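Q: Provide a 3D model corresponding to the input given below.
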Amino acid sequence: MKNEKDVGGADVLSSSVKSATRVLDLFECLGRWDAEKTHTEIAEELAIPKSSLTQLLKTLLKRGYLDYAPLSKGYRLGPSIAKLAKRENDSGDLLTAAGPVLSWIANETEETCALNFLKGDRSEVVASVNSTHRLNITMREGDIAPLYATSGGKALLAYLPVVMLEEYLARVKFEKITPKTITSVAQLREELEQIKSTGFAYVYEEFTPGINGIAKAILSPSGLAIGSLNIATPVARFTKEKRTLCEATLTRAVATLRARFQD
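A: Residues are numbered from 1 along each chain as shown. Purely as a prediction, here's the structure:
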């Protein structure tokens, strides 16, 4: 039989394991979506008592493993996480490499193009080059859109880990932005399978009337999307020839970025 000392030690060990598990669960929760979450959202998603969570958050904030935004009351991963290991989606390296590639895409296609990153349940334009045509679409750094409504967003969505994709599909609420916007999980699933099969994501006036888009994901060695490149074209110029040109240009651009990023 175990004596009291043994039992006490087991209790301490069990408590320590629970605390460690909560820390890891929290990091995974915030890291999966690169988005802020409030105290209440974290408590509900991870089933942690609010009193226990408060102390945990204070400790991690003090050590720099979390950041807190007073205005939104949201928590996100802090700078100490980045110091532990280099992330697979090192956005700084990719952004640096993407500048001249985007200029080349715009020159080849004469259309607006952009680099997009995953930002919670949305895609964010982090760099762009606009077409010089009078009739065009302007994409600006910081522009965000639902993942299901843009070609760049769909490309990112198609290569999410299964767990993340199922989480997203379980909670997504479709907004009918235009008459052609996707409004069902079944339709979105079908498109995502096509994207993985062909390598290209499309939208046909699903986010902006009169604008079609085509995108291709930039995949890491493990097969996850670390970003996507997209080209936006007015419907009037989106001919069969233009579509073929955009596909070929994106294929070369993504191959160039992957080679530079993995060096």
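
Q: and the host helix or strand of residue 166, what other elements does it pack with?
A: Applying DSSP states H and E as the criterion places residue 166 in helix 162-171. With contacts defined as 3 or more Cβ pairs under 8 Å, 6 or more residues apart in numbering; DSSP states H and E, the packing partners of helix 162-171 are helix 4-33, helix 185-198. No exception for glycine: its C-beta is placed from N, CA and C like everyone else's.

Q: quick one: contacts of that helix?
A: Residues outside helix 162-171 that contact it (Cβ atoms under 8 Å, 6 or more residues apart in numbering): 32-33, 121, 147, 157, 160, 185, 188-189, 192.

Q: got it, and stretch 174-190?
A: By Cβ under 8 Å, 6+ apart, the list of residues contacting stretch 174-190 from outside reads 146, 148-149, 157, 169, 172, 191, 204-209.

Q: Greatest separation within the residues you listed: which pair is it?
A: Largest separation among the contacts of stretch 174-190 by Cβ to Cβ: 169 and 209, giving 26.2 Å.

Q: These two: which has the busier surroundings?
A: residue 169 (16 against 11; other Cβ atoms under 10 Å).

Q: Pretty sure residue 118 sits against residue 225.
A: Yes - contact criterion Cβ atoms under 8 Å: residue 118 and residue 225 qualify, at 7.4 Å.

Q: Looking at the two, which is more packed in?
A: Neighbour totals were compared for residue 118 and residue 225, and residue 118 leads with 26 against 20 (other Cβ under 10 Å).

Q: neighbouring contacts of stretch 62-82?
A: Stretch 62-82 has contacts (Cβ under 8 Å, 6+ apart) with 27, 30-31, 34-39, 42, 57, 60-61.

Q: hmm, 7 Å instead?
A: For stretch 62-82, contacts defined as Cβ atoms under 7 Å, 6 or more residues apart in numbering pick out 27, 30-31, 36-38, 42, 57, 60-61.

Q: State the mean pLDDT of it.
A: The average of the pLDDT scores along stretch 62-82 is 85.

Q: buried residues in the helix holding residue 166?
A: By neighbour count on 16 or more other Cβ atoms under 10 Å, the buried set for helix 162-171 is 165, 167-169.

Q: Do me a favour and average the pLDDT over the helix or strand containing residue 217.
A: Residue 217 belongs to strand 211-219 when assigned by DSSP H and E. Throughout strand 211-219, pLDDT has a mean value of 96.
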